[in-house]
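# got a predicted model here, sequence first, then my questions.
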Amino acid sequence: MPVAPSVLYDNHGRPLEYVRVAVTDRCNLRCFYCMPAEGIEYMPKRDLLSYEEMERVVGILAGLGVRKVRLTGGEPFVRRDLVPFMDRLSRIPGIQDISLTTNGVLTAPHIPELVRMGIRSVNLSLDTLDQARFLRITRRDELPRVLDTLYKLLATNIAVKINAVVMDGQNIEDLIPLAEFTRELPVDVRFIEEMPFNGGSHGAIALPWNHIRIREHLRGAFPGLHALPTPAGATATAYAIPGHMGQIGIIAAYSRTFCGTCNRIRLTAEGGLKTCLYDQGVLDVRALLRNGGPDEEVRAALIHAFRHRAADGFEAERQRPVHQLNFESMSTIGG
């Protein structure tokens, strides 16, 4: 595909090249850090963007310089006809990279199609390798299916990144075994600071396991752990362990150390634009589309939002209205 030049910068000089599109708010797991035990109230189907509406928005963004699309949820494979939709997205001029974040429960049967389409990478959410802990964290007994997806992906040329949320008292004993995956397998294992996006109340939360403690915990088991150059726009600080095939990543998602080069925006399943994970949503794209706005109007509204972007996640959080200080579920935002 021809390279789309990055022509759009936000008000802080950051190029916007990457959009995360949540195709659904529904999920087949119930991870406690993502939603309450009783689940969340899912949006009626009519309130979700249609695939056609998502394609239209991605096409407009591609014209502005967006090159990469990552599909998220909820769990993307819960929504029917996801693969044909991905195929259509890959044909939009300017889009060079379609990737996917999944929990792996429903993914394995679709892997041959992902290979055929040239999907470059899959992020697999996997917080533990212990079946009992997996059940406690996700409230579903699906670890064998997730591991089956992992090994089938590794048998392809699709790059695999394991995303593990680090939770005090829940999965600390899994950090070293997960990192051991990188010894013999060409996989990136990324450890993520826990965030407050569980659909419940939020105040200032303690963070016993921040990115520094995670790094030092890993270094205790792997003394040769050393940092690698981190490209602009990356959320993870990359590390290598001598003799290991894969790499380690640590994402300071709550400490928010990477905001200065953030190049990504989010489109929620209901059509809300988020220019920062911590903002309350800065533009109702769905309303623009369904009120008959032409592409030029949508484009202008997007540009206006990008030119009024928060400098970092702390500013975005401060700008949330008082009545919206309870953070959404990550399933609603798009994980």
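Arrived safely. Residues are numbered from 1 along each chain as shown.

# centre of the chain to stretch 250-267, how far?
11 Å (Cα atoms, centre = their mean, to the nearest Å).

# buried ones in that stretch?
Neighbour-count burial for stretch 250-267, with 16 or more other Cβ atoms under 10 Å as criterion, is recorded at 250-254, 256-259, 262-267. For glycine as for every other residue, the C-beta is placed from the backbone atoms N, C-alpha and C.

# please apply the same query to stretch 292-301.
Neighbour-count burial for stretch 292-301 [16+ other Cβ under 10 Å]: 298-299, 301.

# same question, stretch 131-146
Buried residues in stretch 131-146 (16+ other Cβ under 10 Å): 133-134, 137-138, 140, 142-143, 145-146.

# likewise stretch 218-233?
Those would be 218, 222, 225, 233, for stretch 218-233 by 16+ other Cβ under 10 Å.

# try stretch 17-28
Buried-residue list, stretch 17-28, by 16+ other Cβ under 10 Å: 17-27.

# cool, stretch 264-284 as well?
Buried, per 16+ other Cβ under 10 Å, within stretch 264-284: 264-283.

# which ones among the residues you listed map onto strands?
Per DSSP state E, strands hold the following members of those: 264-267, 272-274, 283.

# helices along the stretch 101-250 of the chain, start to end?
Secondary structure of the stretch 101-250 of the chain (DSSP state H, counting those that start in this stretch): helices at 111-117, 131-138, 143-154, 175-184, 211-221.

# so which of those helices is nearest Y42?
Y42 lies closest to helix 131-138 among those, at 17.6 Å (Cβ to Cβ).

# I40 - how many residues pack around it?
20 (other Cβ atoms under 10 Å).

# tell me which element it is part of?
For I40, there is no helix or strand it lies in under DSSP states H and E.

# surely T128 is in contact with V146?
No. The pair T128 / V146 is not scored as a contact, 10.1 Å apart, by Cβ atoms under 8 Å.

# intersection of neighbour lists for the two?
Each of F134 lies in contact with both T128 and V146 under the rule Cβ atoms under 8 Å, 6 or more residues apart in numbering.

# just checking, what's the longest helix in this protein?
The longest helix of the chain (DSSP state H) is helix 51-64.

# for that one, which helices and strands make contact with it?
Applying 3 or more Cβ pairs under 8 Å, 6 or more residues apart in numbering; DSSP states H and E, we find helix 51-64 packed against strand 18-22, helix 82-90, helix 285-290, helix 295-306.

# in it, which residues are buried?
Those would be 51, 53-64, for helix 51-64 by 16+ other Cβ under 10 Å.

# as JSON lines, these with distance to P186 and pLDDT would be great.
What follows is these, written out as JSON lines (distance: Cβ to Cβ, whole Å; pLDDT from 0 to 100):
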{"residue": "Y51", "distance to P186": "33", "pLDDT": "98"}
{"residue": "E53", "distance to P186": "37", "pLDDT": "98"}
{"residue": "M54", "distance to P186": "31", "pLDDT": "98"}
{"residue": "E55", "distance to P186": "33", "pLDDT": "98"}
{"residue": "R56", "distance to P186": "37", "pLDDT": "98"}
{"residue": "V57", "distance to P186": "34", "pLDDT": "98"}
{"residue": "V58", "distance to P186": "30", "pLDDT": "98"}
{"residue": "G59", "distance to P186": "34", "pLDDT": "98"}
{"residue": "I60", "distance to P186": "36", "pLDDT": "98"}
{"residue": "L61", "distance to P186": "31", "pLDDT": "98"}
{"residue": "A62", "distance to P186": "30", "pLDDT": "97"}
{"residue": "G63", "distance to P186": "35", "pLDDT": "96"}
{"residue": "L64", "distance to P186": "34", "pLDDT": "97"}
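
# kindly indicate which of those lies nearest V187.
V58 (28.1 Å).

# which residues sit in contact with that closest one?
19, 21, 66, 69, 89, 92, 95.
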